[in-house]
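# Return a 3D structure for these sequence lines:
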Amino acid sequence: MSGHGTPTPMTSNRCGPLSGVAEVPGDKSISHRSLILGAMAIGETKITGLLEGEDVLDTAKAMQAFGAEVVNHGGGSWSVFGVGVGGFAEPGNVIDCGNSGTGVRLIMGAMATQPITATFTGDASLNGRPMARVTDPLALFGAQTVGRKGGRLPMTIVGAADPVPVRYVVPVPSAQVKSAMLLAGLNAPGKTVIIEKEATRDHSERMLAGFGAEITVEETNEGRVITLTGRPELKPQVIVVPRDPSSAAFPVCAAIITPGSDVLVPGIGLNPTRAGLFTTLRDMGADLTYENERTEGGEPVADLRARYSPNMKGIEVPPHRAASMIDEYPVLSVVAAFATGDTLMAGVKELRVKESDRIDAMAKGLRACGVSVDEGEDWWQVTGLGPEGVPGGATCASELDHRIAMAFMVLGMAAQNPVTVDDGGPISTSFPIFEPLMGALGAKLSHG
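Numbers count the residues shown, from 1 in each chain. Below is the predicted model of the structure:
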């Protein structure tokens with residue numbers, strides 16, 4: 001069952017060539033951060049292109065609960081009237097973050113150094129995910145946490161009345177942990193220093209600088225050292241949210257494996273900390289080109305053209321690339337099933353603690369569809385069956401995970417037999433227009 005209603009089985013049938021323009025929604029990571037930093041600025045932050053999926057809408061509601069005024073003007077245009085750094089009010093009710101691990105962890109960080117108390121919950125999937133990776137380092141600032149066994153939601157955080165600055169080495173590559181610590185550091189005196197051994201998506205650093213925070217990033221032998229000076233007055237911004245590369249992954253990959261396809265996906269953010277999938281697809285031999293390359297809102301952007309690619313080869317994906325494509329491994333494994341040879345994906349243990357255990361979920365579903373998969377704790381390998389070689393014909397568990405559900409819908413578009421997921425409901429959390437968008441390109445999706 002999805003956390004937002006009765007399970008909705010969804011089936012993808014083999015289709016003809018996909019063609020047309022796929023205008024995917026705004027970037028989810030940037031949408032979350034726009035709302036939160038807008039709420040911590042003083043004055044009106046104007047946002048266009050906001051992703052209006054359930055995850056981001058839950059973050060908007062949370063910012064209202066903490067005292068910011070959030071206005072939806074329609075068509076992805078929003079205003080946030082912020083309360084300033086340290087200005088959050090104590091919410092009157094439990095904060096429900098739905099399915100969003102990004103939302104809950106970033107919001108926890110933002111409130112952890114303010115003298116207020118908040119209780120967080122989510123859907124069944126989110127309430128099963130570990131939060132200690134964020135709450136343990138937030139305790140260094142002086143925040144206190146009470147949650148369920150294993151550091152799971154529902155959870156109450158008592159913000160630090162007298163926070164202290166922190167120097168913290170992030171133990172695993174996680175943009176969520178890094179960003180939570182930076183948001184907490186905003187209301188701590190002095191300088192908070194966060195050190196990444198492996199670089200992760202840097203939207204938080206870029207946006208903090210844009211809002212006027214004093215932040216520096218230095219590459220050292222110790223790693224990537226980020227220094228934030230606390231208690232700035234953040235200035236409201238005008239933010240144009242680029243289109244989400246994680247959402248673009250689905251029409252791009254569908255076109256690459258579906259015979260005769262030619263799809264244009266315009267305006268996609270190509271921040272190097274996010275674009276690992278597209279580099280990997282090109283390494284495999286995919287016909288994927290960047291057109292009209294440009295810069296928008298401080299982020300590199302291009303139009304992606306993806307064409308059917310019957311000559312792809314399996315590769316060993318460099319482990320150092322994992323952080324730049326961690327959400328895209330499920331759909332990459334689908335593409336790998338249609339390549340020739342083995343595709344090895346290593347250094348990906350983070351997939352075990354996403355909305356689901358994504359390695360396990362994809363391995364089980366791919367095997368049910370006739371694809372050989374081998375796996376370990378932090379790696380998995382898909383043995384490709386070549387173009388048009390995947391039998392399909394199975395019902396796969398989405399595990400309350402939007403990316404698992406969409407990956408199997410892509411598989412069904414090129415498999416020999418229909419592929420079903422037990423619940424397509426979670427798709428709306430990140431990509432509410434997935435079904436009509438793919439249908440307009442020529443996909444054959446159905447319910448029931």
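# care to break the protein down by domain?
10-26+242-447, 28-228 (automatic domain parsing).
# what about the ones you listed, which gets the closest to Pro236?
Ranking these by proximity to Pro236 (CB to CB) places domain 28-228 first, at 3.9 Å. Every residue, glycine included, has its C-beta placed from N, CA and C.
# where's the closest one relative to the chain centroid, distance-wise?
Per CA atoms, centre = their mean, to the nearest Å, the displacement of domain 28-228 from the mean C-alpha position of its chain is 15 Å.
# For that domain, measure first residue to last.
Length of domain 28-228, first residue to last, CA to CA, to the nearest Å: 24 Å.
# how about the nearest residue to Pro137, chain neighbours excluded?
If you skip the residues right next to it in sequence, Pro137 has Tyr168 as its closest partner in space, 5.3 Å away by CB to CB, 6 or more residues apart in numbering.
# Can you give me every residue that contacts the one you found?
With contacts defined as CB atoms under 8 Å, 6 or more residues apart in numbering, the neighbours of Tyr168 are Pro137, Leu140, Met181, Thr192, Val193, Ile194, Ile195.
# Could you look up the SS state of it?
Of the three states, Tyr168 takes strand according to DSSP: H, G, I helix; E, B strand; the rest coil.
# how close does it sit to Ser324?
22 Å (CB to CB, to the nearest Å).
# How about Ala405?
In this view, Ala405 and Ser324 are 23 Å apart by CB to CB.
# now do Gly267
Distance from Gly267 to Ser324, by CB to CB: 19 Å.
# of the two, who's got more company?
Regarding Gly267 and Ser324, a neighbour count based on other CB atoms under 10 Å identifies Ser324 as having more, with 23 against 20.
# Not counting residues beside it along the chain, what's closest to that one?
Gly276 (3.4 Å).
# wait, what's in contact with the one you found?
Under the contact definition (CB under 8 Å, 6+ apart), the residues listed for Gly276 are Arg321, Ala322, Ala323, Ser324, Met325, Glu328.
# Could you work out the most separated pair of the residues you listed?
Farthest pair in those (CB to CB) is Ala323 and Glu328. Separation: 11.4 Å.
# More neighbours: which of the two?
Comparing Ala323 with Glu328 by other CB under 10 Å, the one with more neighbours is Glu328, at 26 against 22.
# Need phi/psi at that one.
phi -100, psi 0 (degrees, to the nearest 10).
# residues contacting it?
Contacts for Glu328 (CB under 8 Å, 6+ apart) come out as Ser246, Ala249, Gly276, Leu277.
# Swap in 10 Å and give it another go.
Neighbouring residues of Glu328 by CB atoms under 10 Å, 6 or more residues apart in numbering: 245-246, 248-250, 252-253, 274-278, 280-281, 335, 403, 407.
# And for Trp380?
For Trp380, the contacting residues are 329, 333, 336, 343-346, 348, 351, 358-360, 362-363, 366, 373-374, by CB under 10 Å, 6+ apart.
# can you do 8 Å?
When contacts are counted by CB under 8 Å, 6+ apart, Trp380 touches Ser333, Leu344, Met345, Val348, Ile359, Met362, Ala363, Val373, Asp374.
# Is it bridged to anything, and to what?
Met345, Glu375 (DSSP bridges).
# And it, how close does it get to Glu316?
Distance from Trp380 to Glu316, by CB to CB: 12 Å.
# Please apply the same query to His203.
As judged by CB to CB, His203 and Glu316 stand 28 Å apart.
# Please say which of the two ends up with more neighbours.
Using other CB under 10 Å as the criterion, His203 and Glu316 rank with His203 on top: 22 against 12.
# Contacts only, for the more buried one.
The contact partners of His203, taken as CB under 8 Å, 6+ apart, are Asp27, Ser29, Ile30, Arg33, Ala175, Ser179, Asn271, Thr273.
# measure it to His73 for me?
Between His203 and His73 the computed distance is 23 Å (CB to CB).
# Where do the strands of the stretch 51-200 of the chain begin and end?
Across the stretch 51-200 of the chain, reading from the start of the chain, the strands by DSSP state E, counting those that start in this stretch fall at 69-74, 77-83, 95-96, 117-121, 144-148, 152-158, 167-170, 191-196.
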